[in-house]
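Trainee: Sequence and predicted structure, then a few things I'm wondering about:
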There are 2 protein chains.
Amino acid sequence: MTAITKLPKGEVTRQRILDAGEVVFAELGFAAARLEDVANAVGIRRASIVYYFKSKQELYDAVESGLFSALQQESRERLAKGGSACEQMQLLFDSWLDFMVARPTAARIIQRNSADITPRSSNPVEFSEATVREMENVLAKGRDSGEFTAIEPTLFLSFTGGAIINYVCLSQLFGSERIYDPAEPERLEMFRAMLHKTWRALLLPT
Amino acid sequence: MTAITKLPKGEVTRQRILDAGEVVFAELGFAAARLEDVANAVGIRRASIVYYFKSKQELYDAVESGLFSALQQESRERLAKGGSACEQMQLLFDSWLDFMVARPTAARIIQRNSADITPRSSNPVEFSEATVREMENVLAKGRDSGEFTAIEPTLFLSFTGGAIINYVCLSQLFGSERIYDPAEPERLEMFRAMLHKTWRALLLPT
């Protein structure tokens, strides 16, 4: 997920553990995942992981922190291109959608966190706070400029951010007749059009 | 969750195991939940559970089957009151929303299934198929009558059904500043209005 060329050997191993950890946590969830599973995926011993990450919780935190940092960087770069709140909202959703489609393990970890408070029980938004805040800022900007009607951000996120996560995570889960590939261009653009229609219906004054 | 008066003793115990199982699976997830946890919640020994449900998988199946049966019964009763596809769509969403708000453990189990294929790996829609089919039928009815534009049902469900599940499951997960109670009447009606606005924006011809 991160380019691993030209890094010191320890950094290369650390990154391989993070990448494998993301896959394992996405597939099995925090409770069922074991550091042994991650070690096997990397091809090292469990003891070697503990040199980099003291516990399963510490590895999980590093994985979640990493994926939200990457998402936030992607969003910041895109948002810089938009002036009005409407333009920024569109850019923000497109950055979230493209990120999750390209990195379905991240979507699956976020979906798991939505059902399971365990791995983040002390502070559920420890790493996602900046992502929520970014959305709140665009909403506030649009309310101030008169572009948007007032809306409860958490409810708005259930329809929009939640739909993106579901689009990526549910592709295999509606039964064999309804399987789809979230990255298939025609399907992706159909979903994107629905996402744009939904946020506009919820935010633009009628 | 089910009235347990006037049932034979074995049925009462079976129902108490199912109710406790729903709470435990919702809280811990399939992988982390143990039959011992369910036995402790009921106040019986693990061996007594095995008399009713041979394995954790069998108990999970019975819990999931029961919650989808209850949801489908609620929906069928409500849908009988509506004539047009528009009326039926509104009634269907209201039945889903009211059911999930009244039974958040069901919402949490569905959210977990959305991230985790494990407990339903052989057939993800073994118990939810009739619920998906009910939505597809109302969509087809509205398309035939000209009330609705054509739409991909699974994508439509990501925005609408998914938002209902998120509304119930995310109430504690946006951090201490943003906690809400999904059953609080004013908040619930605000969400319901957004749900109606969203399905109309996605389905009604412009």
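Mentor: Perfect, I can see it now.

Trainee: contacts, neighbours, all on C-alpha from now
Mentor: Will do.

Trainee: if you skip the residues just before and after it, what's nearest to residue A:110?
Mentor: residue A:165 (7.6 Å; C-alpha to C-alpha, 6 or more residues apart in numbering or on different chains).

Trainee: I'd guessed the one you found sits against residue A:109; true?
Mentor: No: counting by C-alpha atoms under 8 Å, residue A:165 stays clear of residue A:109, with 9.7 Å between them.

Trainee: I'd like to know which elements the host helix or strand of residue A:95 is packed against.
Mentor: Using DSSP states H and E, residue A:95 sits in helix A:85-102. Counting by 3 or more C-alpha pairs under 8 Å, 6 or more residues apart in numbering or on different chains; DSSP states H and E, the packing neighbours recorded for helix A:85-102 are helix A:56-79, helix A:129-145, helix A:161-169, helix A:185-203.

Trainee: So for it, what gets flagged as buried?
Mentor: Buried residues in helix A:85-102, counted by 16 or more other C-alpha atoms under 10 Å in any protein chain shown: A:85-86, A:88-101.

Trainee: Next: stretch A:72-88.
Mentor: For stretch A:72-88, using 16+ other C-alpha under 10 Å, the buried residues are A:72, A:74-75, A:78-79, A:85-86, A:88.

Trainee: for the helices and strands packed on helix A:85-102, which one ends up most surrounded?
Mentor: helix A:161-169 (a mean of 25; mean count of other C-alpha atoms under 10 Å in any protein chain shown).

Trainee: list the helices and strands that helix packs on?
Mentor: helix A:85-102, helix A:104-115, helix B:104-115, helix B:153-159, helix B:161-169.

Trainee: what angle sits between it and helix B:161-169?
Mentor: If you take axes from the mean of the first three to the mean of the last three C-alpha atoms, to 10 degrees, helix A:161-169 sits at 120 degrees to helix B:161-169.

Trainee: residues making contact with helix A:161-169?
Mentor: With contact meaning C-alpha atoms under 8 Å, 6 or more residues apart in numbering or on different chains, helix A:161-169 is reached by A:93, A:96-97, A:100-101, A:104, A:107-108, A:110-111, A:182, A:191, A:195, B:114-115, B:155, B:158-159, B:162-163, B:166.

Trainee: Off-centre distance for that helix?
Mentor: 10 Å (C-alpha atoms, centre = their mean, to the nearest Å).

Trainee: per-residue confidence averaged over it?
Mentor: Averaged over helix A:161-169, pLDDT sits at 93.

Trainee: Just the terminal-to-terminal distance for stretch A:44-60.
Mentor: 18 Å (C-alpha to C-alpha, to the nearest Å).

Trainee: in that stretch, what counts as buried?
Mentor: Those would be A:46, A:49, A:52-53, A:56, A:59-60, for stretch A:44-60 by 16+ other C-alpha under 10 Å.

Trainee: Intersect these with the contacts of chain B.
Mentor: Among those, no residue sits close to chain B (C-alpha under 8 Å from any C-alpha of the partner chain).

Trainee: Which one of those is nearest to chain B?
Mentor: residue A:56 (14.9 Å; C-alpha to the nearest C-alpha).
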